[in-house]
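A.B. asks: Sequence and predicted structure below; questions after.
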Amino acid sequence: MKELIILSGKGGTGKTSITSAFASLAKNMVLCDADVDAADLHLILSPDFKLSYDFKGGHEALINPEKCTQCGRCIELCRFDAVKDSFEIDAIACEGCGVCVDLCPEEAIDFPETLCGQWYISDTRLGPMVHARLGIAQENSGKLVALIRQEAKKIAARENLDLILTDGPPGIGCPVIASIGQANAVLIVAEPTVSGFHDMERIAELSKYFNIPAMVCINKYDLNLEQTQKIETYARDNDIAVVGKISFDPAFTEAMIQKKNIFEYNKDSQAATETRQVWDAIVSLPAFNAPVNNILQHL
Ligand code: SF4
Ligand code: SF4
């Protein structure tokens, strides 16, 4: 089985629209929405939430007043000023580091796991989907991304599916790194703007560092031909395949409003034709079809 991760430097580049469109073209695939902080693939695919699970990803310190002697050690130790003078812990300020738990002389601090969100296995009209929702202000999104990718992989193995199509998180932080290990290739959806160029550059450098083949698709390329040219030149100089360019087409937005992908909305539109060309270029790329060989593959 192969896995393609679709990434962009920030939200709103068309990454999710393109992922959902690929789902119509790919045969035998499972979808994975790894943008757990702002998941929105479900808005297009209207999944039925078949199975739902809690995601516990951190710990929260809780002082037991029955055991606490109010010695003040935890107040001195906490670097996050989370212990109040009343010997209660501010749940928002507590980073769950566990220092107070380990060093309380009375062993008066409990350290239960906290509920950070939910993850789901759903059916959609285009195939199975694994997705998640991280709670507001919750951390550990990298851990949740790793978990749902693992579940997508299990589904692919169980149902004999050839491909995992992963809508990745934006940026280049921990969730992105968690999303690319063991992937066959990364598709960068780049916009032709100054910030879009730098975003693309950062993801390309990250992929190179981990030895994961990267390719780029320029979305709304006709809005700024000079920046498009700059992206193409950078890609050529850095051995990154430009798998296609998609013009600005309001059909993408109209499709999203109607909870459809571009092929379901208007398969004859220019955007649909160009998206199909991008897909054809990806699946015929030798790097995409080569065995995985990156330094994250054993994590
Ligand atoms: S270190 Fe333990 S005993 Fe001391 S104030 Fe904190 S919770 Fe209470
Ligand atoms: S777990 Fe860490 S952050 Fe939370 S109260 Fe204890 S020392 Fe402070």
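C.D. replies: Done, it's in. Numbering: from 1, shown residues only. Ligands and ions are numbered 1, 2, ... in the order given.
A.B. asks: Just list the residues touching S8, thanks.
C.D. replies: 14-15, 170, 188-191, 199, 203 (C-beta atoms under 8 Å, 6 or more residues apart in numbering). Every residue, glycine included, has its C-beta placed from N, CA and C.
A.B. asks: Mind pulling up the pLDDT for it?
C.D. replies: For S8, the model assigns a pLDDT of 91.
A.B. asks: quick one: it from K15, how far?
C.D. replies: 4 Å (C-beta to C-beta, to the nearest Å).
A.B. asks: any common contacting residues for these two?
C.D. replies: Here S8 and K15 have 170, 189 as joint contacts, going by C-beta under 8 Å, 6+ apart.
A.B. asks: contacting residues around K10?
C.D. replies: For K10, the contact set (C-beta under 8 Å, 6+ apart) comprises 170-171, 195, 199.
A.B. asks: which intervals of the stretch 151-299 of the chain have sub-threshold pLDDT?
C.D. replies: 293-299 (pLDDT under 70).
A.B. asks: Helices along that one, start to end?
C.D. replies: 174-180, 194-209, 225-237, 251-257, 262-266, 270-283, 286-289 (DSSP state H, counting those that start in this stretch).
A.B. asks: L144 is nearest to which of the ones you listed?
C.D. replies: Closest to L144 of those, according to C-beta to C-beta: helix 174-180, at 8.0 Å.
A.B. asks: which bits of the stretch 1-150 of the chain sit near ligand 2?
C.D. replies: 61, 77-78, 80, 82-83, 89, 94-100 (C-beta under 6 Å from any ligand atom).
A.B. asks: which residues in the stretch 101-250 of the chain form strands?
C.D. replies: Here the stretch 101-250 of the chain has its strands, by DSSP state E, counting those that start in this stretch, at 109-110, 113-124, 127-134, 163-167, 185-190, 214-219, 241-246.
A.B. asks: neighbouring contacts of the fifth one?
C.D. replies: Read it as strand 185-190. Contacts of strand 185-190 (C-beta under 8 Å, 6+ apart): 2, 4-9, 13-15, 18, 168, 180, 196-197, 199-200, 203-204, 207, 212-219, 231, 240, 243, 282, 285, 287-288.
A.B. asks: could you check the angle strand 163-167 makes with that strand?
C.D. replies: Inter-element angle recorded for strand 185-190 and strand 163-167: 30 degrees (by axes from the mean of the first three to the mean of the last three C-alpha atoms, to 10 degrees).
A.B. asks: Specify the beta-bridge partners of M129.
C.D. replies: When assigned by DSSP bridges, M129 has beta-bridge partners L31, S122.
A.B. asks: pretty sure it is touching D48, no?
C.D. replies: No: with contacts counted by C-beta atoms under 8 Å, M129 stays clear of D48, the gap being 9.9 Å.
A.B. asks: what sits in contact with each of those two?
C.D. replies: Contact criterion C-beta under 8 Å, 6+ apart; residues shared by M129 and D48: 122-123.
A.B. asks: So for the two, which sits in the more crowded spot?
C.D. replies: Regarding M129 and D48, a neighbour count based on other C-beta atoms under 10 Å identifies M129 as having more, with 28 against 10.
A.B. asks: Quick check: pLDDT value at the more buried one.
C.D. replies: 97.
A.B. asks: cool, and the one 4 residues further on?
C.D. replies: In this model, R133 is scored at 88, pLDDT.
A.B. asks: Now for it: which residues touch it?
C.D. replies: So R133 contacts 36, 39, 117-120 (C-beta under 8 Å, 6+ apart).
A.B. asks: What distance do you get for G127 to ligand 2?
C.D. replies: Taking C-beta to the nearest ligand atom, to the nearest Å as the measure, G127 falls 42 Å from ligand 2.
A.B. asks: I246: neighbour count?
C.D. replies: 26.
A.B. asks: pretty sure it is touching A271, no?
C.D. replies: Yes: between I246 and A271 there is a contact under C-beta under 8 Å: 5.9 Å.
A.B. asks: rewinding a little: tell me the most packed of the contacts of K10, by neighbour count.
C.D. replies: Neighbour counts for the contacts of K10 peak at D199, which has 23 neighbours (criterion: other C-beta under 10 Å).
A.B. asks: Now do the same contact list for the residue nearest to it when sequence neighbours are not counted.
C.D. replies: Closest residue in space to D199, ignoring its immediate chain neighbours: G9 at 2.0 Å, by C-beta to C-beta, 6 or more residues apart in numbering. By C-beta under 8 Å, 6+ apart, G9 lies in contact with 170-172, 190, 195-196, 198-200, 202-203.
A.B. asks: what does H198 give?
C.D. replies: H198 sits next to G9 when contact means C-beta under 8 Å, 6+ apart.
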